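> structure of the sequence below:
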Amino acid sequence: MSLPALAHRAGLNRGYLSRLERGLIERPAEAKVLAIAAALTVPTAAITHEGAEVPATDTKRKAPPTATTGGASTTTLDELVHYKPEEVATNGWLPYTASTLRKKARAREIPHSRSGGRITFRLMHIREIAAMGETRPLSETKSN
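Numbers count the residues shown, from 1 in each chain. Below you'll find the model as predicted:
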């Protein structure tokens, strides 16, 4: 779900949700948390990390799931996270540099998001780009 769609469904400001997503809002109001959970159709514990230890914001994010895992371990919130080209390149999630990712995104050669005018990648984009670059056996690429 896109940020504007979530904002519309939850009845909240898109800028507020963007700041919340980026960690600029530490303690959102309970009513807003309830609205977001209802819009995502998940329990509030899924988005507030109740009963779970939350990692510090300066810790490195886990690597995104690969196409081989099918993303079974991801939650709805993991799919909403936007990664900068630098994060994708630094973590080695794709075989491109940050500048190459930006160049390909501007040329619309690879899927991406334009959050606030910035090029970002969600997990589904990273998986799609990785799948585009997979080498397949010649027998699978021939058309009969």
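> distance from the chain centre to stretch 3-10, please.
16 Å (C-alpha atoms, centre = their mean, to the nearest Å).
> hang on, I meant stretch 81-89
Relative to the centre of its chain, stretch 81-89 is centred 9 Å away, using C-alpha atoms, centre = their mean.
> how about stretch 89-105?
Its chain's C-alpha centre and that of stretch 89-105 lie 15 Å apart, by C-alpha atoms, centre = their mean.
> residues near Arg27, how many?
Neighbour count for Arg27, taken as other C-beta atoms under 10 Å: 6. No exception for glycine: its C-beta is placed from N, CA and C like everyone else's.
> sec struct for it, please.
Here Arg27 is recorded as coil under DSSP: H, G, I helix; E, B strand; the rest coil.
> same question, Ile119
strand.
> and the pLDDT for the residue nearest to it when sequence neighbours are not counted?
In space, and not counting its chain neighbours, Ile119 is closest to Ala105: 4.6 Å by C-beta to C-beta, 6 or more residues apart in numbering. pLDDT recorded at Ala105 is 92.
> what sits against Ala105?
For Ala105, the contacting residues are 85, 112, 119, by C-beta atoms under 8 Å, 6 or more residues apart in numbering.
> and it, that one's in a helix?
Yes: using three-state DSSP, the assignment for Ala105 is a helix.
> from Arg114, how far off is it?
8 Å (C-beta to C-beta, to the nearest Å).
> where does pLDDT dip in the protein?
49-79, 115, 134-144 (pLDDT under 70).
> now the helices for it?
In the chain, the helices defined using DSSP state H lie at 3-10, 14-21, 30-40, 44-48, 76-80, 85-90, 98-106, 123-132, 138-141.
> quick check: nearest residue in space to Thr44, chain neighbours excluded?
The shortest distance from Thr44 to any non-neighbouring residue, by C-beta to C-beta, 6+ apart, is to Ala37 (4.4 Å).
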